[in-house]
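Novice: Here is the input, now give the coordinates:
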Amino acid sequence: MSQPDAKTLYAFYDLKHSPITFDALLFVAMAEVFRKGLGFDNLQFIITTAEDGGFRRRTEKDHVLSDEDKRWRVRHVTAPSCLAVESCAGVWVCEDRAAARRVFETLDPRQVFPHGYTLDQPRYAFMISQLVDLHARGHDVQVLRSRPEARNVVQGWMATNKITRPIVVLSTRTSTAHQWKNSNLMAWNNFADYADEIGYDVVAIPDTALALAGQIPRLGNRSKTFFQGALDFDLRAALYDMAAVTLSTHGGPAMFNPFSHNRFGMFQGEAFDLGPEEFYRLWRVKWGDQFPWASAGQRVAYVADTEDNIKALFHEVMEAEISDAQSG
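Specialist: Model (predicted):
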């Protein structure tokens, strides 16, 4: 890594206390909010493991995945997530915590994010509640955007696949961990045919686990499968940005959209996986409510992803967005 630059904010994503999931997107969004607020030109991300090269062990996913799987996810999930802000000047994956410490010791504390972070007393910054609190304090948290070079790649893919109509992206989930979050693939399949019939090009992004196994479900008779987006988050984010709307089940990589200006509908489910108090603690949003910054074309649906509910959410988001444009 190059010598520290006084115009750069250094963001430490510490895997001793933070997950190897797409929650890293929330960290990236928070780092960007702080970069803007503090007046730095760039962000440098430093992703570091624990002293033994290991990882956090707290949640079900922490224990289900092997360290080898986690190292793969760091390079293909966590590190690419850092590219979701154009201020990113670099990403350093450091499996030697001592090396990360040597860099840290050269920095002015004002250049370090999270504020007050040290390697001996790490602080985490990957919670939705923290972004809701930043919004309440007057900060713009819709700061995520794909990189132009990734959008160019997706534009080429669209041309090759003769995609000319407005795009509906279906970002589905099928995982062995937290199976209650998985998508109702039959309902999504039927919706894909419906969206095609009413004038949209449907592009499906399968779950990363299925893409890795070569088990890529086809949704609808005429949809295109963008398996590249399941394996390359940079390209997935570009497709989200170029779509008319993205529909998804739960968060994961689609959590990019609430922190951008993209149209989206996200199914949270019809029943609590947590109690209402715990949900509020994690999100700082009451069950059934929307993100406080969301436009009318950005909706979380607290119902199951049945075919009728997918159609209803699609029309709610699209019609609200049209209404917004007309009123503006």
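Novice: all strands for this protein, in order.
Specialist: Counting by DSSP state E, the chain has strands at residues 8-14, 42-48, 88-94, 112-113, 167-171, 201-205, 224-225, 245-249, 264-267, 298-301.
Novice: Can you redo the ones you listed as CSV, where the extra columns are mean neighbour count?
Specialist: In this view, the C-beta of every residue, glycine as well, is placed from N, C-alpha and C. Formatted as CSV, these follow (neighbours: other Cβ atoms under 10 Å):
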stretch, mean neighbour count
strand 8-14, 25
strand 42-48, 23
strand 88-94, 17
strand 112-113, 22
strand 167-171, 26
strand 201-205, 25
strand 224-225, 19
strand 245-249, 26
strand 264-267, 25
strand 298-301, 21
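Novice: closest one to Ala150 among the ones you listed?
Specialist: strand 88-94 (12.2 Å; Cβ to Cβ).
Novice: strand partners of the closest one, parallel vs antiparallel please.
Specialist: strand 42-48 (parallel) (DSSP bridges).
Novice: Please enumerate residues in contact with the strand it pairs with?
Specialist: 1, 5, 7-16, 28, 31-32, 35, 74, 78-79, 82, 85, 87-95, 97, 100, 103, 119 (Cβ atoms under 8 Å, 6 or more residues apart in numbering).
Novice: quick one: average pLDDT of it?
Specialist: Mean pLDDT, computed over strand 42-48, is 96.
Novice: One more: stretch 115-130?
Specialist: On average, stretch 115-130 scores 92.
Novice: Flag every buried residue along it.
Specialist: For stretch 115-130, burial by neighbour count (16 or more other Cβ atoms under 10 Å) applies to Tyr117, Leu119, Pro122, Tyr124, Ala125, Phe126, Met127, Ile128, Gln130.
Novice: Can you add distance to Asn161 and give these back as TSV?
Specialist: As requested, the buried residues of stretch 115-130 are exported to TSV (distance: Cβ to Cβ, whole Å):
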residue	distance to Asn161
Tyr117	44
Leu119	46
Pro122	44
Tyr124	40
Ala125	38
Phe126	35
Met127	38
Ile128	34
Gln130	39
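Novice: so which two of those are the farthest from each other?
Specialist: Longest span within those, Cβ to Cβ: Leu119 and Ile128, 25.4 Å.
Novice: how about low-confidence regions in the stretch 151-300 of the chain?
Specialist: 175-180 (pLDDT under 70).
Novice: how about the nearest residue to Asn309, chain neighbours excluded?
Specialist: Val303 (5.0 Å; Cβ to Cβ, 6 or more residues apart in numbering).
Novice: Please tell me how far the closest residue to Leu26 other than its chain neighbours sits from Pro19.
Specialist: The spatial neighbour of Leu26 that comes closest, neighbours along the chain excluded (Cβ to Cβ, 6+ apart), is Phe126 at 4.8 Å. Plainly put, Phe126 is 7 Å away from Pro19 if you go by Cβ to Cβ, to the nearest Å.
Novice: Also Ser87?
Specialist: 23 Å.
Novice: quick one: contacts for the nearest residue to Val153 once chain neighbours are set aside?
Specialist: Computed as Cβ to Cβ, 6+ apart, the closest residue to Val153 that is not its neighbour in sequence is Leu235, at 6.1 Å. The contact partners of Leu235, taken as Cβ under 8 Å, 6+ apart, are Ala150, Val153, Val154, Phe226, Gln228, Gly229.
Novice: how about the residues you listed, which pair is most distant?
Specialist: Ala150 and Phe226 (12.4 Å).
Novice: These two: which is more packed in?
Specialist: Phe226 (25 against 22; other Cβ atoms under 10 Å).
Novice: from memory the more buried one sits against Asp201, does it?
Specialist: No - Phe226 lies out of contact with Asp201 (Cβ atoms under 8 Å); the separation is 11.1 Å.
Novice: Let's have the contacts of Leu235 in a markdown table, adding distance to Met242.
Specialist: Formatted as a markdown table, the contacts of Leu235 follow (distance: Cβ to Cβ, whole Å):
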| residue | distance to Met242 |
| --- | --- |
| Ala150 | 10 |
| Val153 | 11 |
| Val154 | 6 |
| Phe226 | 11 |
| Gln228 | 14 |
| Gly229 | 11 |
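Novice: From these, pick the one nearest Phe55.
Specialist: Gly229 (25.0 Å).
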